[in-house]
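In: structure for the following, please:
(one chain, ligands or ions: 2)
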Amino acid sequence: MYKVALFNKIPKESQNMLSENKYILVNEQISEVDGIVMRSMDIHDMKFSRQLKAIARSGAGTNNIPVERCAEEGIVVFNSPGANANAVCELTFLGLLISSRKIVDSINWTKNLKQDVAVTVEKGKSQFVGPEIKGKTLGVIGLGNVGHLVANLGVKLGMEVIGYDPYISVKNALSLSWDVQYSDSLDELYKRADYITIHVPLNDETRNYIHKDNIKLMKDGVKLLNFARDGLVNDNDILEALESGKVSYFVSDLPNERLVGAKNVVCIPHLGGSTPEAENNCAEMAVSQLTEYLEHGNIRNSVNFPECTMDRYPNTKRIVVLNKNIPNMISTLTSVLAKYNINIIGMVNKSQGNFACNIIDVNGEFTEEQVREMEDFPGILRVMLIN
Ligand SMILES: NC(=O)c1ccc[n+]([C@@H]2O[C@H](COP(=O)([O-])OP(=O)(O)OC[C@H]3O[C@@H](n4cnc5c(N)ncnc54)[C@H](O)[C@@H]3O)[C@@H](O)[C@H]2O)c1
Ligand SMILES: O=C(O)[C@H](O)COP(=O)(O)O
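Out: Residues are numbered from 1 along each chain as shown. Ligands and ions are numbered 1, 2, ... in the order given. Down below sits the predicted model:
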């Protein structure tokens, strides 16, 4: 039996994928579990037990998980790329319209009208006039699963769209509309855009991505949207720019104490991925990746280990080895197998960055003691035996 802990709310349908005859589900337990399924809870300070083999993030962002430390501890971290992208894209366009048409202010104003409503509305509505988005220029930073959808929808709505992403994947590049102007100059995007939306992960390279120096380059009255992560836009600098009018509106799906209630800021309570469709897609993907790894050792959509899969050879035992990407690892593994006269039937080895994965199907008896012996070699992070 595998023990899996559920952190955050995970849809019942996905929980049911963890069948009762193989899985025990527990809530928010960290000790003695084989896997965790989670959303945005911050687990940087958690200590993981040796039993923990995998964490499945139901969602895109993994900045709430100590991904590198997990790799060092032989814990595979998965996410669900693209599974909530449409939900975020739709909400981003709501944000775009909110920033343009003063919708939130106007709704709040209307809510307080007590009498002569129709007359007051007609007299007062001119204070909420805002431009159409058709024909305006939208700058999209990050053309990943969300950003490329946003760029394409901008084109469909008649906007001129400039996209920037120095690391764009082939898949997303191929899905990008021909009408999106791909730019390798952020400065050009800042100078031309009437609306700027950011869709990049939060990491050491992207923290404070938008700050006073690049805000200076932007058009006066530009509208800024952040549906990605708190920390990408420098709070001090955006609040100053809003005060001066350089930025006319900021819509953020990632509120913090500085932003809530600030002038010309609209905060949404992190609802980007909060649709039933996105929640189900993400959880289904997360759970199936977790079970595929625990039961078959196959790794798909991991953020700290390479993609590594192999069809199971019949009548074999499977050994899954996670190791550092350093010389002599394969000879170390095969020397242990040779010592016990174990025959390799099939094997795959994949590496990415500092880490690597091996799946080895063998016949002959391979025991838990031999697993521990393999695990004792420097550079080997975890060995898992699957019968
Ligand atoms: N508001 C929400 O509920 C919500 C939902 C989904 C994702 N997100 C956040 O949005 C981010 C993007 O989501 P996604 O699904 O598109 O992820 P993704 O990984 O598919 O796309 C991220 C893109 O950013 C690009 N990128 C990385 N560094 C960059 C840089 N320095 N400059 C420009 N581009 C850069 C990558 O090449 C990639 O194409 C996620 O990391 C997550 O933090 C928020
Ligand atoms: O990174 C994500 O997928 C989003 O921020 C959604 O996070 P959530 O699962 O907590 O809604």
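In: any idea whether Lys3 is helix, strand or coil?
Out: Put simply, Lys3 is strand when judged by DSSP: H, G, I helix; E, B strand; the rest coil.
In: hey, what's it bridged with?
Out: In this structure, Lys3 bridges to Ile24 when assessed by DSSP bridges.
In: so stretch 92-105, near ligand 1 or not?
Out: No - on the criterion Cβ under 6 Å from any ligand atom, stretch 92-105 is out of touch with ligand 1, staying 8.5 Å away. Yep, even glycine has a C-beta here, placed from its N, CA and C like the rest.
In: could I get the phi/psi values of whichever residue of the stretch 51-200 of the chain sits closest to ligand 1?
Out: Closest residue of the stretch 51-200 of the chain to ligand 1, Cβ to the nearest ligand atom: Gly144 (1.7 Å). Backbone torsions for Gly144, taken as degrees, to the nearest 10, come to phi -80, psi -150.
In: residues from the stretch 1-150 of the chain in reach of ligand 1?
Out: Proximity of the stretch 1-150 of the chain to ligand 1 is confined to 60-61, 81, 84-85, 88, 141-147 under the rule Cβ under 6 Å from any ligand atom.
In: need the residues you listed in CSV with pLDDT, secondary structure and neighbour count, can you?
Out: As requested, those are exported to CSV (pLDDT from 0 to 100; DSSP: H, G, I helix; E, B strand; the rest coil; neighbours: other Cβ atoms under 10 Å):
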residue, pLDDT, secondary structure, neighbour count
Ala60, 98, coil, 25
Gly61, 98, coil, 18
Pro81, 98, coil, 17
Asn84, 98, coil, 25
Ala85, 98, helix, 23
Val88, 98, helix, 24
Ile141, 98, strand, 23
Gly142, 98, coil, 26
Leu143, 98, coil, 27
Gly144, 98, coil, 21
Asn145, 98, helix, 22
Val146, 98, helix, 28
Gly147, 98, helix, 29
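In: re earlier: now do the contacts for the residue of the stretch 51-200 of the chain closest to ligand 1.
Out: Residues in contact with Gly144 (Cβ atoms under 8 Å, 6 or more residues apart in numbering) are Asp165, Ile168, Ser169, Asn172, His199, Val200.
In: what does the stretch 151-300 of the chain have sitting close to ligand 1?
Out: So far as Cβ under 6 Å from any ligand atom goes, the stretch 151-300 of the chain lies against ligand 1 at 164-169, 172, 199-202, 205-206, 227-229, 253, 270, 272-273.
In: which of the contacts of Gly144 has the largest number of neighbours?
Out: Taking other Cβ atoms under 10 Å as the neighbour criterion, His199 ranks highest of these with 30 neighbours.
In: how about the contacts made by it?
Out: Applying Cβ under 8 Å, 6+ apart, the residues near His199 are Val88, Thr92, Val140, Ile141, Gly142, Leu143, Gly144, Val146, Gly147, Val150, Phe227, Ala228.
In: what of Gln51?
Out: Lys3, Glu32, Val33, Asp34.
In: re the thing from before, which of the residues of the stretch 1-150 of the chain next to ligand 1 come close to ligand 2?
Out: Among those, ligand 2 is touched by Ala60, Gly61, Asn84 when using Cβ under 6 Å from any ligand atom.
In: and the helix or strand where Met384 lies, which strands flank it?
Out: Assignment of secondary structure by DSSP states H and E places Met384 within strand 380-386. Using DSSP bridges, the strands paired with strand 380-386 are strand 317-324 (antiparallel).
In: neighbours of the spatially closest residue to Arg229 that is not a sequence neighbour, just the number please.
Out: Closest residue in space to Arg229, ignoring its immediate chain neighbours: Leu202 at 3.8 Å, by Cβ to Cβ, 6 or more residues apart in numbering. Leu202: 18 surrounding residues under other Cβ under 10 Å.
In: cool, and the one 10 residues further on?
Out: Residues near Lys212, counting by other Cβ under 10 Å, number 14.
In: quick one, helices of this protein?
Out: Taking DSSP state H, the helices of the chain run over residues 12-15, 67-72, 85-101, 103-111, 117-124, 145-156, 170-175, 186-192, 212-217, 235-244, 276-296, 329-339, 368-375.
In: just the CA trace of the strand holding Met384, in PDB.
Out: The C-alpha trace of strand 380-386 is given here as PDB (Å, rounded to 0.1, in the frame of the first residue of the first chain):
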ATOM      1  CA  ILE A 380      23.000   7.900  -5.700                       C
ATOM      2  CA  LEU A 381      20.000   9.800  -4.300                       C
ATOM      3  CA  ARG A 382      17.400   7.000  -4.200                       C
ATOM      4  CA  VAL A 383      16.800   3.500  -5.400                       C
ATOM      5  CA  MET A 384      13.300   2.100  -5.700                       C
ATOM      6  CA  LEU A 385      12.400  -1.500  -6.300                       C
ATOM      7  CA  ILE A 386       9.100  -2.100  -8.100                       C
END
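In: any idea which residue sits dead centre in the protein?
Out: Nearest to the mean C-alpha position of the chain, by Cα atoms, centre = their mean, lies Ala60 at 1.9 Å.
In: what distance do you get for it to Lys111?
Out: Separation of Ala60 from Lys111 (Cβ to Cβ, to the nearest Å) stands at 34 Å.
In: please apply the same query to Gly379.
Out: Applying Cβ to Cβ to Gly379 and Lys111 gives a distance of 63 Å.
In: those two: which is more packed in?
Out: Shown here are Gly379 and Lys111; by other Cβ under 10 Å, Gly379 has more neighbours (13 against 7).
In: re earlier: who's in contact with the residue nearest to the centre of the chain?
Out: Ala60 sits next to Asn79, Ser80, Pro81, Gly82, Ala83, Asn84, Ala85, Asn145, Val146, Pro201, Gly273 when contact means Cβ under 8 Å, 6+ apart.
In: among the residues of the stretch 151-300 of the chain next to ligand 1, which are within reach of ligand 2?
Out: Near ligand 2, by the rule Cβ under 6 Å from any ligand atom, you find His270, Gly272, Gly273 out of these.
In: just the pLDDT for the last one.
Out: Spelled out, that is Gly273. Model confidence at Gly273, given as pLDDT, is 97.
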